[in-house]
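> Mind looking at a prediction? Sequence and model below.
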Amino acid sequence: MKNLITVNQIQKALLKDYVSFNSVDDETSRRMWWGALEVIQEEFLPYHLQNGGLWVAAPLPVFNEKKYLNKLNGWLWAPEGFPAFKKDQSKLLPYQEARISGEKFIYKNNYKILSLNQNDGFDPFLMIVTPTFQCILTISGEKDKKFLIMRNDESSLERVIDLISMKLTQDNLEESKKFQDQLKSFGEFIINNQFTNTFWPSLSIKLAKLIPNITCQTLLKEERSKTLQSLEAKMLEAISHEVRTPLATIKTLISSTLRKYTMDQTIRSRLIEIDNECTEQIDRFGLIFNAAELVNSKSSPSQELTGIDLGSILNKLSPNWIKQLRRRGIILKLDITDELPDVLSNSEKLELMLSGLIDKNTRGLKEGSTLTLELRPAGQKLKLQLIVQTKHSDSDESNKLDGSDIGPVLNWNPQTGTLQLSKSATQKILASLGGRVTQRKDSGLTVFFPIADLN
């Protein structure tokens, strides 16, 4: 069976004897492609439309101006996802001069759409032929080793025209005949040597002028990223509020039920478990709300920091933590040095953050693991260290806790199915509460708090 002609084959034929210096990455090659199209359409093509012409392209059309559509007939190989395969009118290109108000767009239907097959590839290709101007423009090469190819010599034109004619014949015999008839109507080509001499310098100038725009685009991209983070944070604030509200209602109903009704001890215990679970989730989403609030603020709002006894707070909260972890078979130990000085922080929000740290550092741990909270003086600060010891000293255990960030606030670990604060959000909250975080796999998570009487 005779091999089918593909667009990719035509591009490789152009690359085979192409003299060029260096290849470029995919993004750069596309930037060069669009720059080259502007050079052709602005500096050369408008002066060679008097006697008509044709264009052949893949995988998308490159013209949408009335002056080109009026004078040039086209053939386009496009993927089946191209809208023209679904809607008849979508293959009609609107003129740029069409008025939107009061009239419908004026459409021009003068190019034939053919189906791009799986071997054609998606690197762009364009051939323009008029009696006085001819040009072949394409990108070819391996991924991130691309060449922008421009040919308008007679031998390249003849070779590509023959290959396109063969491809049209195999894809649509009627269109192949139209293509060949139009070429014959042009007569003998006049090769435009001026184009060869000025194309590359013009492209260099065009790309040089794009540099400020590229810089602006980078700044806009950064600004869009900040805006997106702000939107994500606002959404998390709203979600956190919506989650906590029904949970608080459930707690109220449970408390009322426990007070008003006599019930079996098993049912009472189950209701208490539900109440505890609601409390945990309210605290978790309260912490997420605080983190989202910090991310959403233009400047990190400083908390009102006062002197607090961190050791007493840990001792006060630890009985509840011990109960929570015991249900999962995890042991909590406290190792707190006596007579420690107060630290500067915010008591209410720090308690919520400490509960979050306990939860974050124990999710995914095996039954029988131990979490030790160690509080020690460290120069002019107090050092709170969370040390995890797994039952089997599994070196992979800590890796399971890493997960991946899904935005500026949250971290998702698919191995454990847990949604926690991201590392950056954790650091930001603790920084607003006077703490500085360090984390190493060999020593666990450590938070340093400034001593109150030194400030």
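All right, it came through fine.
> what's the burial count for Lys209?
Per other Cβ atoms under 10 Å, the neighbour tally for Lys209 reads 10. The way it works is simple: take the backbone N, C-alpha and C, and place the C-beta from them, glycine included.
> Give me the average confidence score over the helix or strand harbouring it.
Assigning secondary structure by DSSP states H and E places Lys209 in helix 193-260. Mean pLDDT, helix 193-260: 74.
> Adjust the sequence numbering to begin at 22 for everything that follows.
Happy to do that; since the first residue is 22 now, the last one works out to helix 214-281.
> downstream neighbour of it in the secondary structure list?
Counting by DSSP H and E, the next helix or strand C-terminal to helix 214-281 is helix 286-317.
> tell me the SS of Pro429?
coil (DSSP: H, G, I helix; E, B strand; the rest coil).
> burial count for it?
22.
> domains for this structure, by residue range?
Split into domains by automatic domain parsing, the chain comes to 28-212, 248-317, 327-475.
> could you dump those to TSV with distance to Ser225?
Shown next, in TSV, are the domains of the chain (distance: least, Cβ to Cβ, whole Å):
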stretch	distance to Ser225
domain 28-212	9
domain 248-317	35
domain 327-475	40
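> what about the helices in the chain?
In the chain, the segments counted as helices under DSSP state H are 28-37, 47-60, 87-92, 175-192, 194-207, 214-281, 286-317, 331-347, 368-383, 418-421, 444-453.
> how about CSV for those helices, with distance to Gln71 added?
Formatted as CSV, the helices of the chain follow (distance: least, Cβ to Cβ, whole Å):
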stretch, distance to Gln71
helix 28-37, 28
helix 47-60, 20
helix 87-92, 8
helix 175-192, 20
helix 194-207, 12
helix 214-281, 16
helix 286-317, 60
helix 331-347, 83
helix 368-383, 73
helix 418-421, 70
helix 444-453, 62
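> Asp359 is nearest to which of those?
Evaluated with Cβ to Cβ, the helices of the chain place helix 331-347 nearest to Asp359, the distance being 8.2 Å.
> in the closest one, what's buried?
Residues of helix 331-347 classed as buried: Leu331, Gly332, Ile334, Leu335, Ser339, Trp342, Gln345, Leu346 (neighbour count, 16 or more other Cβ atoms under 10 Å).
> pretty sure the first one contacts Thr358?
Meaning Leu331. No. The pair Leu331 / Thr358 is not scored as a contact, 10.9 Å apart, by Cβ atoms under 8 Å.
> Mind listing the shared neighbours of the two?
Common neighbours of Leu331 and Thr358, counting by Cβ atoms under 8 Å, 6 or more residues apart in numbering, are Leu396.
> one step back: right, and the helices of the chain - which one's nearest Phe168?
helix 28-37 (6.2 Å).
> Which strands or helices does that closest one pack on?
Contacts defined by 3 or more Cβ pairs under 8 Å, 6 or more residues apart in numbering; DSSP states H and E place helix 28-37 against strand 146-150, strand 155-163, strand 166-172, helix 175-192.
> tally of neighbours for Asn214?
10.
> Now do stretch 67-81: everything it contacts.
With Cβ under 8 Å, 6+ apart as the test, stretch 67-81 has contacts from 28, 83-84, 88-89, 92-100, 103, 132, 137, 141, 143, 145-154, 185, 200, 203-204, 206-207, 213.
> contacting residues around the residue lying closest to Met53 once chain neighbours are set aside?
Once flanking residues are discounted, Met53 sits nearest to Leu169: 4.5 Å by Cβ to Cβ, 6 or more residues apart in numbering. Going by Cβ under 8 Å, 6+ apart, Leu169 touches Val45, Ser50, Met53, Trp54, Ala57, Leu158, Thr159, Ile160.
> Just the pLDDT for Leu169.
What the model reports for Leu169 is a pLDDT of 92.
> Tell me which residues are up against stretch 301-319.
Here stretch 301-319 has contacts from 250-251, 253-255, 257-258, 260-262, 264-265, 268-269, 272, 321-322, 345, 370, 373-374, 376-377, 380, 429-431, 442, 446-447, 449-450, 453, using Cβ under 8 Å, 6+ apart.
> In JSON lines: the helices and strands packed on helix 28-37, plus distance to Glu301.
What follows is the helices and strands packed on helix 28-37, written out as JSON lines (distance: least, Cβ to Cβ, whole Å):
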{"stretch": "strand 146-150", "distance to Glu301": "60"}
{"stretch": "strand 155-163", "distance to Glu301": "54"}
{"stretch": "strand 166-172", "distance to Glu301": "54"}
{"stretch": "helix 175-192", "distance to Glu301": "64"}
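> okay, the ones you listed, which one's buried deepest?
Mean neighbours per residue, mean count of other Cβ atoms under 10 Å, is largest over these for strand 146-150, with a mean of 24.
> Just the mean pLDDT for that strand, thanks.
Computed over strand 146-150, the average pLDDT equals 95.
> same thing with stretch 297-311?
Averaging the model's pLDDT scores along stretch 297-311 yields 83.
> Okay, buried residues for it please.
Asn297, Cys299, Thr300, Ile303, Asp304, Arg305, Phe306, Gly307, Leu308, Ile309, Phe310, Asn311.
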